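**Student:** here you go, sequence then predicted model.
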2 protein chains.
Amino acid sequence: MLVQKYRDMLGNKSVIRSLSEFATARGKEIGYENVFDYSLGNPSVPVPQEFTDTMIRLLQEKNPMELHGYSPSLGITSVREKIAASLERRFGLPYRAEHIFPTSGAAGAIAHAVRCVTEPGDEVLTFAPYFPEYGPYINLTGAKLKVVPADTKNFQIYFEAFAEMLTEKVMAVLINTPNNPSGAVYSTETIKKLAEILREKSKQYGHEIYLISDEPYREILFEGVDAPYVAAYYENTLTCYSFSKSLSLPGERIGYVAVNPACEDAATIVQMCGQISRGTGHNCPSSIFQLAVAETIDMTADLSVYETNMKILYRELTDLGFTTTKPGGTFYIFPKALEKDAVAFCNKALKYDLILVPSDSFGCPGFFRMAYCIDTEKVERSLPALRKFVEREYR
Amino acid sequence: MLVQKYRDMLGNKSVIRSLSEFATARGKEIGYENVFDYSLGNPSVPVPQEFTDTMIRLLQEKNPMELHGYSPSLGITSVREKIAASLERRFGLPYRAEHIFPTSGAAGAIAHAVRCVTEPGDEVLTFAPYFPEYGPYINLTGAKLKVVPADTKNFQIYFEAFAEMLTEKVMAVLINTPNNPSGAVYSTETIKKLAEILREKSKQYGHEIYLISDEPYREILFEGVDAPYVAAYYENTLTCYSFSKSLSLPGERIGYVAVNPACEDAATIVQMCGQISRGTGHNCPSSIFQLAVAETIDMTADLSVYETNMKILYRELTDLGFTTTKPGGTFYIFPKALEKDAVAFCNKALKYDLILVPSDSFGCPGFFRMAYCIDTEKVERSLPALRKFVEREYR
């Protein structure tokens, strides 16, 4: 008999995917260049040429048995060393290889981190607005995801609601900064306050509350933003990283868990990840990608287009009267819809070939997300459509 | 608090890994070329040049955003089509893309297949001797692995014991042919009889019993062996495949689940795999490796060395008086030890710089495994050591 819980999930089609399919279909009618598709969060800049050159060099020069051989179950040691050294150089924490576990992207990192610190039935808290995949990611580990309502004023943390929900059952708190979908970056003040509460409650409950910090957008930060490195403020932090956005490699599934060296059980947690792997069938990311990201460790794709696009959209949206927090990073902006029902709002936008994602599935109704990881030229061409949409429908 | 079940696993060091570490350490003393290391099942022939050329061509010519972009959650459609077409061409079953789910190697395939068809607490049967990783692989899904004792005569199936253990609680049977560690290949007669029993018991219990067929050694078959394609004999077969051995790519983590098109729920099972993925953090194998294996789908590394090595060892071992089944495939041979305690036997062999793996962890005491995925020249040089070992210790 097929397992019902997975079978039941088959019907639930993601809103984002449906919209993206609509955009593709509409593109076939009027040319995809005329569809202002802000639905999908796929990087729109190429991987750096140096990365491609590194891959080709590895393929041409390295002994193929070594290159494509099994990695040790905790990942290739030299790769873990280079990741640790880069983190230490950039953020000042004394990471070593033993604190790093390479994974299949941030999704893989979260799958391991959550399994390390939660038994089935334990609670994991996250904050709205949140990446909807957290639902299945967490719930399928056996833990239960609970969502703290949003601070809709500036998309930091709604601490009153958080304090109330942070019961004894909560073993981990999952944050995502820079944030998908809001584009907000948690400030030093926010992180400090969060850390303080976690420390206090850990003590009160007599068990650690781990902070799982999902940071795939860490390198996409905009001018002047206060963007603290989360782990520097809380010892029991498991940082989940992906090279998907920084190097524009989402399909290659490469990232890592970095456990704060100040965490008492850091090295044990990494070794536990190796054991968890055996049951998830993960068994390390691709060897050549481990080697290639290690050799280009501090490199990123040319991410500047995202800030350019953000500025254009932010100015236009505020000009048009939208209420929106100015993104501090990512390639998302999250304005308030012009009517209460964001789904109705986004449906009306479709008439103008504007593909906007209603915020309901992010756990924060009344807003919409625009993923501006598209060409700047297209962002500019979308502005008249945006203006027309607002003027005809809401003036 | 860290999860105890993973923590408890940390102490259990694999016998194979310990022996391999011993071999490396001994190699530092006397030169690794003088250590006859038969411990590890790592491919010893390089990936075909055509595969490397395909990778380089993809990197040089394909749009990087497409090349490294997210695959659809069920894998890249064109890749699934090519895998299906190859299976149809080779084995005559009408596979289509909808029956194929690309995974991170055979380990990933098993992780998905088992989760599709077992609820926590359900039993999965396998047959000794078996790959020891099946223990954690299966048990960490929540199902329970039970091991049917070996048919030590010719390493087919001990059907009497199987019939007894095939209770109502068994939801899946996991087989591995060609087999690690025995090198045996299940005959058509064995597979037919197995299928017959599974059909009969499925009917009796009122639920399907799925056959999970782990086939990473499918392409390593020796002259004259009867090697049926398992799925052709049983409709509810989930074939788990890896390109690790066929293309010598174990570190790149690429394989698939192929669900028999005759299985009533075939397409549903594949879609369920996509859902299971969200919780395991797998999210498809690397895009470029999906594309590259699809373009070289019927190619293998030059696997002939394994048969050459097998013949040399089989002749020598039988000459020396060992009882051993002649391997039909893989790069393993599994002779009976010359004393009851295989661990003691293998420990004595160490004095002759022969690294042999005792069979206890394969669930079949009294034997030892030799992994002859090493250079033929080294196999030949090991023969005097083998002879000396037997003559001094057992004559």
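**Tutor:** That came through, no problem.
**Student:** hmm, who's touching the helix or strand harbouring A:Ile212?
**Tutor:** Element membership of A:Ile212, judged by DSSP states H and E, is strand A:210-214. Where contact means CB atoms under 8 Å, 6 or more residues apart in numbering or on different chains, the residues beyond strand A:210-214 that reach it are A:106, A:109-110, A:113-114, A:116-117, A:124, A:131, A:171-177, A:194-195, A:198, A:230-231, A:234, A:236-240. Placement of C-beta: from N, CA and C, glycine included.
**Student:** next helix or strand past that strand?
**Tutor:** The first helix or strand that comes after strand A:210-214 along the chain, using DSSP H and E, is strand A:237-242.
**Student:** what about the helices in chain A?
**Tutor:** Listed from the start of the chain, chain A has helices (DSSP state H) covering A:4-8, A:15-30, A:49-61, A:64-67, A:77-91, A:105-117, A:134-139, A:159-165, A:188-205, A:266-280, A:287-295, A:304-319, A:342-350, A:376-394.
**Student:** tell me how far the fourth one lies from the chain's centre.
**Tutor:** What it means is helix A:64-67. With CA atoms, centre = their mean, to the nearest Å as the basis, the distance from the averaged C-alpha position of helix A:64-67 to the chain average is 32 Å.
**Student:** tell me which parts of the stretch 251-395 of chain A are close to chain B?
**Tutor:** By the rule CB under 8 Å from any CB of the partner chain, the part of the stretch 251-395 of chain A lying against chain B is A:251-254, A:265, A:268-269, A:271-272, A:275-276, A:278-289.
**Student:** how about 10 Å then?
**Tutor:** When proximity is defined as CB under 10 Å from any CB of the partner chain, the stretch 251-395 of chain A approaches chain B at A:251-255, A:264-265, A:268-269, A:271-291, A:301.
**Student:** just the buried ones from these?
**Tutor:** Buried members of those, counted by 16 or more other CB atoms under 10 Å in any protein chain shown: A:251-255, A:265, A:268-269, A:271-291, A:301.
**Student:** and B:Tyr352, which of the helices of chain A is closest to it?
**Tutor:** With CB to CB as the criterion, B:Tyr352 lies closest to helix A:64-67 of the helices of chain A, at 26.1 Å.
**Student:** returning to what we had before: which one of the helices of chain A lies closest to A:Ala97?
**Tutor:** A:Ala97 lies closest to helix A:77-91 among the helices of chain A, at 3.9 Å (CB to CB).
**Student:** show me what the closest one is packed up against.
**Tutor:** strand A:100-103, strand A:237-242, strand A:255-259, helix A:287-295 (3 or more CB pairs under 10 Å, 6 or more residues apart in numbering or on different chains; DSSP states H and E).
**Student:** show me what counts as buried in it.
**Tutor:** Of the residues in helix A:77-91, those buried by neighbour count under the rule 16+ other CB under 10 Å are A:Val79, A:Arg80, A:Glu81, A:Lys82, A:Ile83, A:Ala84, A:Ala85, A:Leu87.
**Student:** sorry, back to before: got the angle between the strand holding A:Ile212 and helix A:105-117?
**Tutor:** What separates the directions of strand A:210-214 and helix A:105-117 is an angle of 170 degrees, with axes from the mean of the first three to the mean of the last three CA atoms, to 10 degrees.
**Student:** parallel or antiparallel, list what pairs with strand A:210-214.
**Tutor:** Strands flanking strand A:210-214 in the sheet, each with its direction: strand A:170-176 (parallel), strand A:237-242 (parallel) (DSSP bridges).
**Student:** can you tell me how far the residue nearest the centre of chain A sits from chain B?
**Tutor:** For chain A, A:Pro216 is the residue whose C-alpha lies nearest the centre (CA atoms, centre = their mean; 4.6 Å). Here the criterion is CB to the nearest CB, to the nearest Å. By it, A:Pro216 lies 12 Å from chain B.
**Student:** with A:Thr239 instead?
**Tutor:** Taken as CB to the nearest CB, the spacing of A:Thr239 relative to chain B amounts to 15 Å.
**Student:** how about that residue, nearest residue that isn't a chain neighbour?
**Tutor:** Excluding its sequence neighbours, the residue lying closest to A:Thr239 (CB to CB, 6 or more residues apart in numbering or on different chains) is A:Ala258, at 4.4 Å.
**Student:** for the one you found, which residues make a bridge with it?
**Tutor:** Beta-bridge partners of A:Ala258, counted by DSSP bridges, are A:Ile100, A:Thr239.
**Student:** show me the shaky parts of chain A.
**Tutor:** A:283 (pLDDT under 70).
**Student:** list the contacts for A:Tyr352?
**Tutor:** A:Phe36, A:Ser382, A:Pro384, A:Ala385, A:Leu386, A:Arg387, A:Lys388, A:Phe389, A:Val390, A:Arg392, A:Glu393 (CB atoms under 10 Å, 6 or more residues apart in numbering or on different chains).
**Student:** what number of residues lie near the fourth one?
**Tutor:** Same thing as A:Ala385. Look at A:Ala385: counted by other CB atoms under 10 Å in any protein chain shown, it has 17 neighbours.
**Student:** surely it is in contact with A:Glu393?
**Tutor:** No - A:Ala385 sits out of contact with A:Glu393 when judged by CB atoms under 10 Å, with a separation of 11.9 Å.
**Student:** any common contacting residues for those two?
**Tutor:** Going by CB under 10 Å, 6+ apart, residues that sit against A:Ala385 and also against A:Glu393 are A:Ala349, A:Lys351, A:Tyr352.
**Student:** nearest to chain B among these?
**Tutor:** A:Ala349 (24.2 Å; CB to the nearest CB).
**Student:** right, and that closest one touches A:Glu393 too?
**Tutor:** Yes - A:Ala349 is in contact with A:Glu393 according to CB under 10 Å; the separation is 8.3 Å.
**Student:** identify the contacts common to these two.
**Tutor:** Shared contacts of A:Ala349 and A:Glu393 (CB under 10 Å, 6+ apart): A:Leu338.
**Student:** more crowded one of these two?
**Tutor:** Counting neighbours by other CB under 10 Å for A:Ala349 and for A:Glu393 shows that A:Ala349 has the greater number, 23 against 14.
**Student:** give the contact list for the residue lying closest to the more buried one once chain neighbours are set aside.
**Tutor:** With CB to CB, 6+ apart as the criterion, A:Ala349 has its nearest non-adjacent residue at 4.9 Å, and that residue is A:Leu356. A:Leu356 makes contact with A:19, A:36-39, A:335, A:337, A:342, A:345-350, A:367-371, A:386, A:389, according to CB under 10 Å, 6+ apart.
**Student:** could you chop chain A up by domain?
**Tutor:** Per the record's domain assignment (automatic domain parsing), chain A is made up of the domains A:4-47+A:302-394, A:65-295.
**Student:** now these in CSV, with distance to B:Glu50?
**Tutor:** Compiled in CSV, those are given as follows (distance: least, CB to CB, whole Å):
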stretch, distance to B:Glu50
domain A:4-47+A:302-394, 24
domain A:65-295, 14
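**Student:** what's the most buried one of those domains?
**Tutor:** Among the domains of chain A, judged by mean count of other CB atoms under 10 Å in any protein chain shown, the one packed with the most neighbours on average is domain A:65-295 (a mean of 22).
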